[in-house]
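**Q** Have a look at this fold, sequence not included:
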């Protein structure tokens, strides 16, 4: 993921629509828009608090983001905030879809 584009120019409404279109049907039924917006906020919190945004990019301008760490952070935040209990694989779909959307917006 390019460091400059993690947040810049990304429209949450379009991101949620992209995620919803990317999810398997059972998750489309499970995650409403409010839940997906919550996940986006939790991911942003992770990026800000983890030091990922301050990491040195590689020669191509990208930083390595550990998807499992992002997923674990979102799961813990959702449990803490009483949004729900979610499985790793469920949230991984969401995190991956968000990253795919962000990368597609860079092109």
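**A** Structure received. The model shown is predicted, which means the values in this text are computed figures rather than measured ones. Numbers count the residues shown, from 1 in each chain.
**Q** just the helices in the protein please.
**A** Taking DSSP state H as the criterion, the chain contains helices spanning 12-22, 25-30, 33-50, 67-80, 88-106.
**Q** Looking at those helices, which is nearest to residue 59?
**A** Within these, the stretch nearest residue 59 is helix 88-106; the backing value is 16.7 Å (Cβ to Cβ). Bear in mind the C-beta positions are built from the backbone N, C-alpha and C, glycine included.
**Q** For that closest one, which helices and strands make contact with it?
**A** helix 12-22, helix 25-30, helix 33-50, helix 67-80 (3 or more Cβ pairs under 8 Å, 6 or more residues apart in numbering; DSSP states H and E).
**Q** So for residue 103, which of those helices sits nearest?
**A** So among those, helix 12-22 is nearest, using Cβ to Cβ, at 11.1 Å.
**Q** Tell me, how many residues neighbour residue 65?
**A** 17 (other Cβ atoms under 10 Å).
**Q** Touching, it and residue 52? I think so.
**A** Yes. Using Cβ atoms under 8 Å, residue 65 is in contact with residue 52, at 6.0 Å.
**Q** Go ahead and flag the most central residue of this protein.
**A** residue 95 (3.7 Å; Cα atoms, centre = their mean).
**Q** Show the contacting residues for the residue nearest to that one when sequence neighbours are not counted.
**A** Take residue 95 and drop its neighbours on the chain: the residue closest to it by Cβ to Cβ, 6 or more residues apart in numbering is residue 70, 5.0 Å away. Taking Cβ atoms under 8 Å, 6 or more residues apart in numbering as the criterion, residue 70 is in contact with 43, 46, 95.
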